[in-house]
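>>> Mind folding the following:
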Amino acid sequence: MKIITFSASKGGVGKTTLSFNYGSWLAQQGYKVLLIDTDYQANLSSTFDFFTTENTVFNIFTDGIIKLHEVADNLTLLPASPNLDQLETMLQSRVNKEFMMMMWMQDHRAMIDNFDFILIDTHPEFGTLTKNMIAVSDYVFVPIEPSEYGFNQSRNQFDIRMEKFRAEAVDFMTRKSVIDAKVYYIANRVKKNTKSSQAFIRVLSELDAVLALIPERELFNSSTILKMPIFDIPNSNKLLEDIVPEFNKILDRTKEN
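Got it, this is the predicted structure:
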């Protein structure tokens, strides 16, 4: 099982659209996928028409009961709750507050062990809830803006926060960090119609930390509004020709380790 958290320093970079479509694509390939929505805005949950405060991911942090929902073949959802925005304050004085998800997973292996992938969508910040998700992850995927300024700013901000978290989360016996997640960047909404954008694409393509380049396509951007993964949208063959190879790059990298 591989656990992947989609995270970002700011909103509007297509994080939820990526997690929705990549998770749906993995399920179509025959992998058993669990989507976990930890963003109190619940955009991923609403894509599957879930608007609820009952038995959600919020209950993991309150010792409550959660319920997994099968939303498609091989695809299961643990929905978000609007109450998630209260967690930062609720957990402020809690011991090991950044490792509650890790402890919950250890206690509920039977519930999650049958999944091949767990994909986690987060709120665009680096607070306690996001740290909980990173702590259990094998990989963190960070969507970035397709511009030199946007990429450098996002990468620098995220790298600094990750290194600080790694340094703080140390096993007292081994003196090693317990945060093992590898961080990769996904250039999203990439335009290829200008010389400057083509030059920047060449730069990104040479960076090992950049996992994939997702082209700018209106169908892809609107898939969450339509509540349909891209391969279910009519007349999306050209889009799939561009995006499926990038999804395969992501899958191949996660298979390597």
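>>> Relative to the strand of greatest length in the chain, what are the paired strands and their orientations?
For the chain, the longest strand by residue count, based on DSSP state E, is strand 182-190. The pairing partners recorded for strand 182-190 under DSSP bridges are strand 139-144 (parallel), strand 210-215 (parallel).
>>> And the strands in the protein?
2-6, 33-37, 69-72, 75-78, 117-121, 139-144, 182-190, 210-215.
>>> export the ones you listed to a markdown table and tack on mean pLDDT and mean neighbour count?
Quick note: C-beta positions are derived from backbone N, CA and C, even for glycine. Output for those, formatted as a markdown table (pLDDT from 0 to 100; neighbours: other CB atoms under 10 Å):
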| stretch | mean pLDDT | mean neighbour count |
| --- | --- | --- |
| strand 2-6 | 98 | 24 |
| strand 33-37 | 98 | 26 |
| strand 69-72 | 96 | 14 |
| strand 75-78 | 98 | 22 |
| strand 117-121 | 98 | 25 |
| strand 139-144 | 93 | 24 |
| strand 182-190 | 87 | 21 |
| strand 210-215 | 85 | 21 |
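>>> Could you export the helix or strand of the chain with the lowest mean pLDDT as PDB, keeping only the C-alpha atoms?
One helix or strand of the chain scores below all others by mean pLDDT, DSSP states H and E: helix 195-205, with a mean of 75. Backbone C-alpha positions of helix 195-205 (Å, rounded to 0.1, in the frame of the first residue of the first chain) are rendered in PDB as follows:
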ATOM      1  CA  LYS A 195       8.700  30.300 -26.200                       C
ATOM      2  CA  SER A 196       9.100  31.200 -22.600                       C
ATOM      3  CA  SER A 197       6.800  28.400 -21.400                       C
ATOM      4  CA  GLN A 198       8.600  25.900 -23.600                       C
ATOM      5  CA  ALA A 199      11.900  27.000 -22.200                       C
ATOM      6  CA  PHE A 200      10.600  26.600 -18.600                       C
ATOM      7  CA  ILE A 201       9.100  23.200 -19.400                       C
ATOM      8  CA  ARG A 202      12.600  22.100 -20.500                       C
ATOM      9  CA  VAL A 203      14.000  23.300 -17.200                       C
ATOM     10  CA  LEU A 204      11.300  21.500 -15.200                       C
ATOM     11  CA  SER A 205      11.800  18.300 -17.200                       C
END
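>>> what's in contact with it?
146-148, 151, 187, 190-192, 210, 213 (CB atoms under 8 Å, 6 or more residues apart in numbering).
>>> Repeat the analysis, applying 10 Å as the threshold.
144, 146-148, 151, 185, 187, 190-192, 194, 210, 212-213, 215-216 (CB atoms under 10 Å, 6 or more residues apart in numbering).
>>> ok, so what distance separates the nearest residue to Asp180 once chain neighbours are set aside from Ile4?
Using CB to CB, 6 or more residues apart in numbering and skipping residues adjacent in sequence, the residue nearest Asp180 is Asp138, 7.1 Å away. Noted for Asp138: a distance of 7 Å to Ile4, by CB to CB, to the nearest Å.
>>> got the contact list for Glu70?
Per CB under 10 Å, 6+ apart, neighbours of Glu70: 76-77.
>>> Now do it against Ile214, distance only.
The value you get for Glu70 to Ile214, if CB to CB is used, is 27 Å.
>>> ok, which stretches of the stretch 151-257 of the chain are helices?
195-205, 218-221, 223-226, 237-256 (DSSP state H, counting those that start in this stretch).
>>> Please tabulate the ones you listed in a markdown table, including the columns mean neighbour count and distance to Met102.
Formatted as a markdown table, the helices of the stretch 151-257 of the chain follow (neighbours: other CB atoms under 10 Å; distance: least, CB to CB, whole Å):
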| stretch | mean neighbour count | distance to Met102 |
| --- | --- | --- |
| helix 195-205 | 13 | 32 |
| helix 218-221 | 16 | 33 |
| helix 223-226 | 16 | 29 |
| helix 237-256 | 14 | 20 |
